[in-house]
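J.: the sequence and its predicted three-dimensional model are supplied below.
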Amino acid sequence: GRAALLCGAAGLGAWVGGCVRWWSVGWLWRGTQTASAPGGAAAAWEVSNNGDSRTVAARRGAESAQENGSAATDLSMRYYRADGFSVAGNPGQVAFVQADVTHQFANLFLPIINLNTATVSTHARVAVTPIGKCGLCLLSPNAAPALAITGTSSIHLNSPIDVNSTASGGTSATASVYIHSGSLSTTSGGVNFAGSAVVNGGGTVSPAAVNLPSPIPDPLAAVPALDPSLCGTTYTQYAAWDSGSSGIKVVPAGVSGAVACYPSISIHGSAQVSMAAGSYLISGPLSVTTGGKLTANGVFLYFSCNSGVGSPPPAIACTSGAGQPGGSLVISGSAPVTITAPNSGTYQGMAIMADRNNTNSNGTVISLGGSGTLSTTGTVYAASGAMALTGNTATTTFSSRFVVATITDSGSSSININYTSSQNYSTPGSLKLTI
């Protein structure tokens, strides 16, 4: 109607040119729409899957818009939190990315009615399904605290810290985050929690913790679990393995590439042990103590539960609830441990995984104490498992993503968690586009 009115008001000569031009407006509008949609999607992908800053995301969005026929100057990007209108302060808070393309062009025939230029604009809004791009993801829904630093340790990340626990009290025993004398910091994505944070005794959190709009879903929920019932058939079953007090030893992998099942692995004394590349299902403790050394390159460690009956008790899948005996990684003494995930296959980038219901009867699934060191490259995943750090190693650096139920640090170490997506298990997000 607007085009017809303008065409009718301009006389016959202008009518032809004006209508042609207003027809082209529709073409230009479709062009801006074609540019805004991929621009928004590209920016959202960068934020969701790479955890990039808004500057990097906007650049990628502009590149995509240009590839679809729009000038970079025509594109503007906006980033919103889950409520749809509050501006997101960091990549970890982004729930919507909106791309607006506005293009102004000169009219050829309509200046006679004072229409020298016309503008077309469109926008696309992309909803980012939150999968969690946290480098430290604490999944317990109600632990108090789910994240605790009570020693003089520091935990530093290059990626978001997300704490799902909704515990919202004002004390060390009722809050979801408790920092006393130690420090917690990240350079990207912020410290985000669903409950409350108590910081005292000289403890620090940087940047200041902010509330998650809602708890994150398990970002690794789609990772396939190993099946303990296959031990002895499809998987290779071994007896409990002991390194002895000295010498250079190798823990055998499964036959012909099969998963290797062990009821326990014990490394101690001055033994220097390596694990052959492959996948291992361990239903009891993998312990490295005193001066033992473990090097495991190209290895995927899976901690199941066991029946608690027999010698050794057979491996079983864990059931929901606390108290069931399960596999665990225990490092103490001066033991150095290096674990590097496989670089191909189903578990590429996954170094350690526990059965999703493994809480272990002793309360922890991963324990690092004494002056022992743990160096991991690849994701560490224990959805229901606690991680306890009690050591006094000067500095420990992980090239990993940690997705665990809770973490407590009562030691005096400096912990650096450097999460790089290329070295970890890949978890692509999902996007929903509205125009």
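T.: In hand now; what should we look at? Numbers count the residues shown, from 1 in each chain.
J.: and Ser172, that's in a helix?
T.: No - counting by DSSP: H, G, I helix; E, B strand; the rest coil, Ser172 is not found in a helix; it is coil.
J.: all further residue positions should be reported with the first residue as 44.
T.: From this message on, residue numbering opens at 44, which makes the last subject Ser215.
J.: any idea how far Thr229 is from it?
T.: In this structure, Ser215 and Thr229 are 22 Å apart, going by C-beta to C-beta, to the nearest Å. Placement of C-beta: from N, CA and C, glycine included.
J.: neighbour count winner among those two?
T.: For the pair Ser215 and Thr229, the greater number of neighbours falls to Thr229 (25 against 16), based on other C-beta atoms under 10 Å.
J.: ok, the more buried one - contacts?
T.: Taking C-beta atoms under 8 Å, 6 or more residues apart in numbering as the criterion, Thr229 is in contact with 178, 199-204, 249-250.
J.: that one bridge partners, please.
T.: Note on Thr229: beta-bridge partners Leu200, judged by DSSP bridges.
J.: quick one: the helices in this protein?
T.: 45-51, 54-88, 97-110 (DSSP state H).
J.: ranking the ones you listed by mean pLDDT, which is last?
T.: Among the helices of the chain, helix 45-51 has the lowest mean pLDDT, at a mean of 35.
J.: on that earlier part again, and of the contacts of Thr229, the nearest to Thr277?
T.: Distance to Thr277, by C-beta to C-beta, is smallest for Gly178 among the contacts of Thr229, at 34.4 Å.
J.: how many residues are close by the closest one?
T.: 26.
J.: wait, isn't it in contact with Phe441?
T.: No - in this structure Gly178 lies outside contact range of Phe441 using C-beta atoms under 8 Å: 9.1 Å.
J.: quick one on the thing from earlier: turn the contacts of Thr229 into CSV, columns for distance to Arg168 and pLDDT.
T.: Formatted as CSV, the contacts of Thr229 follow (distance: C-beta to C-beta, whole Å; pLDDT from 0 to 100):
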residue, distance to Arg168, pLDDT
Gly178, 28, 94
His199, 35, 97
Leu200, 30, 96
Asn201, 29, 93
Ser202, 26, 91
Pro203, 23, 92
Ile204, 28, 95
Ser249, 32, 95
Pro250, 27, 93
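J.: quick one: buried ones out of the residues you listed?
T.: Buried members of the contacts of Thr229, scored by 16 or more other C-beta atoms under 10 Å, are 178, 199-200, 202-204.
J.: residue contacts, Pro306?
T.: Taking C-beta under 8 Å, 6+ apart, we find Pro306 in contact with 282-283, 325-327, 349, 355-358.
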